[in-house]
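>>> Fold the following for me, if possible:
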Amino acid sequence: MVREGFQSVRKGLRDSFPLQLYHKAKRFFWDPQAIDLSQDLTTYQNLSEAQREAALHLASLFVAGEEAVTLDLLPLIQVIAQEGRLEEEMYLTTFLLDEAKHVEFFSRLIGEVVGGDSQLDRFHGANYRKIFYEELPKAMNRLREDPSPEAQAEAAVTYNMIVEGVLAETGYYAYQRSAQILAHKGHAVPGILEGIRYVQRDESRHIAYGLYLLSRLMSEHPGLWEVVERRMNYLLPYAVGVVQDIFKAYPQGFPLELEVGEFVQYAMSQFQKRYRRLEQARHQSLEEIEQVALEAGEEA
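Presented below is the predicted three-dimensional model:
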């Protein structure tokens, strides 16, 4: 391959939505090592054994999920780079760093607060394994040999719309709700809440990029909506199953006093929100997609 030239010297950077995300990622940088977890440790030491087990269960799903998305992102970055989309690649470099920091935060949470043995994959049920052990790596690594728009769309749906947009968002909600319940009993987890806020802010940018990428792909390839729709509907039952499996593991009731119905409903609302957004985007031009994203900021 012989490079023909450089965008940066021919026309400079394009003031685009991905570049906006890149600037936000720089502005909102945070360090997992700077979070104080001492009060959280005191709180968890005062929880019952069943509550500590449930906390470990939730943390195990997050830390493995964050490791998975860290490992599986590179093929997408390579495809975007090969297409010469400089601003998107610049943003994706921060995306990968974000995912690495999320692994670090949840590893700290397990190692310094929640504790536990080294066999945390015992918490990974069939639905979780279907998504994180099979569908995510398969969809992302397919891009190494097949960078087609269809493959990119399936990868973005799996990664950004389902793993991040449904499962991660529902997990953050679980942390926030359990923290509220603990607070009513005089137990505070400030470090965990601080870390979750940072992680969720990062993920909002990731989801915004995924929506942008899928919208761009559908604008450039009008027949792609069927691929997106089929992939969304295929993965939804497994995503809902992940949520349900957490509660099924505690037939006497979830020890952190959360109710399964609330979280299934929340997961479904996240799915429907992403689905509607993509359904609208299929009728928009590339210029409209860019303008809407820039004006709204995509809550990123």
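
>>> Quick one: the helices in the stretch 1-150 of the chain, in order.
With DSSP state H, counting those that start in this stretch, the ranges of helices along the stretch 1-150 of the chain come out as 7-10, 17-27, 38-45, 49-72, 74-82, 86-108, 126-129, 136-141, 149-156.

>>> give me the low-pLDDT residue ranges for this protein?
Along the chain, the parts satisfying pLDDT under 70 run over 296-300.

>>> what's the residue closest to the geometric middle of it?
Centre of the chain computed as the mean C-alpha position; nearest residue by C-alpha atoms, centre = their mean is Glu164, 2.6 Å away.

>>> Quick check: that residue touching Arg205?
No - Glu164 sits out of contact with Arg205 when judged by C-beta atoms under 8 Å, with a separation of 10.1 Å. (Each C-beta comes from the backbone N, C-alpha and C, glycine too.)

>>> that older thread, save the helices of the stretch 1-150 of the chain as TSV, and put in distance to Met218 and mean neighbour count too.
Written out in TSV, the entries for these read as follows (distance: least, C-beta to C-beta, whole Å; neighbours: other C-beta atoms under 10 Å):
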stretch	distance to Met218	mean neighbour count
helix 7-10	24	9
helix 17-27	15	19
helix 38-45	43	17
helix 49-72	22	20
helix 74-82	17	18
helix 86-108	16	21
helix 126-129	28	17
helix 136-141	17	19
helix 149-156	8	22
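
>>> Using CSV, lay out those together with distance to Tyr250.
Below are the helices of the stretch 1-150 of the chain laid out as CSV (distance: least, C-beta to C-beta, whole Å):
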stretch, distance to Tyr250
helix 7-10, 54
helix 17-27, 37
helix 38-45, 18
helix 49-72, 7
helix 74-82, 36
helix 86-108, 21
helix 126-129, 16
helix 136-141, 26
helix 149-156, 34
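
>>> and Ile246, which of the ones you listed is closest to it?
The closest of the helices of the stretch 1-150 of the chain to Ile246 is helix 49-72. By C-beta to C-beta, the value is 6.7 Å.

>>> List of residues touching stretch 270-290?
When contacts are taken as C-beta atoms under 8 Å, 6 or more residues apart in numbering, the neighbours of stretch 270-290 outside the stretch itself are 16-17, 161-162, 165-166, 169-170, 207, 211-212, 214-216, 218-220, 222, 225, 228, 232, 236, 239, 292.

>>> What's the end-to-end length of it?
Its start and end residues considered, stretch 270-290 measures 23 Å (C-alpha to C-alpha, to the nearest Å).

>>> Now find how far off-centre that stretch is within its chain.
On the basis of C-alpha atoms, centre = their mean, to the nearest Å, the separation between the geometric centre of stretch 270-290 and that of its chain is 18 Å.

>>> Nearest approach to Tyr175 belongs to which of the helices of the stretch 1-150 of the chain?
When those are ranked by distance to Tyr175, counting by C-beta to C-beta, first place goes to helix 49-72 at 7.2 Å.

>>> Show the contacting residues for Ala55.
Ala55 is in contact with Tyr44, Leu47, Val114, Ser178, Leu256, counting by C-beta under 8 Å, 6+ apart.

>>> For Val189, which of the helices of the stretch 1-150 of the chain is the nearest?
Go through the helices of the stretch 1-150 of the chain one by one with C-beta to C-beta and the one that ends up closest to Val189 is helix 38-45, at 4.6 Å.

>>> what's the angle from that closest one to helix 49-72?
Helix 38-45 runs at 130 degrees relative to helix 49-72, counting by axes from the mean of the first three to the mean of the last three C-alpha atoms, to 10 degrees.

>>> chain center to helix 38-45, what's the gap?
For helix 38-45, the gap between its own C-alpha mean and the chain's C-alpha mean amounts to 27 Å (C-alpha atoms, centre = their mean).

>>> Then stretch 148-158?
With C-alpha atoms, centre = their mean as the basis, stretch 148-158 stands 16 Å off its chain's centre.

>>> likewise stretch 72-79?
Chain-centre distance of stretch 72-79: 15 Å, with C-alpha atoms, centre = their mean.
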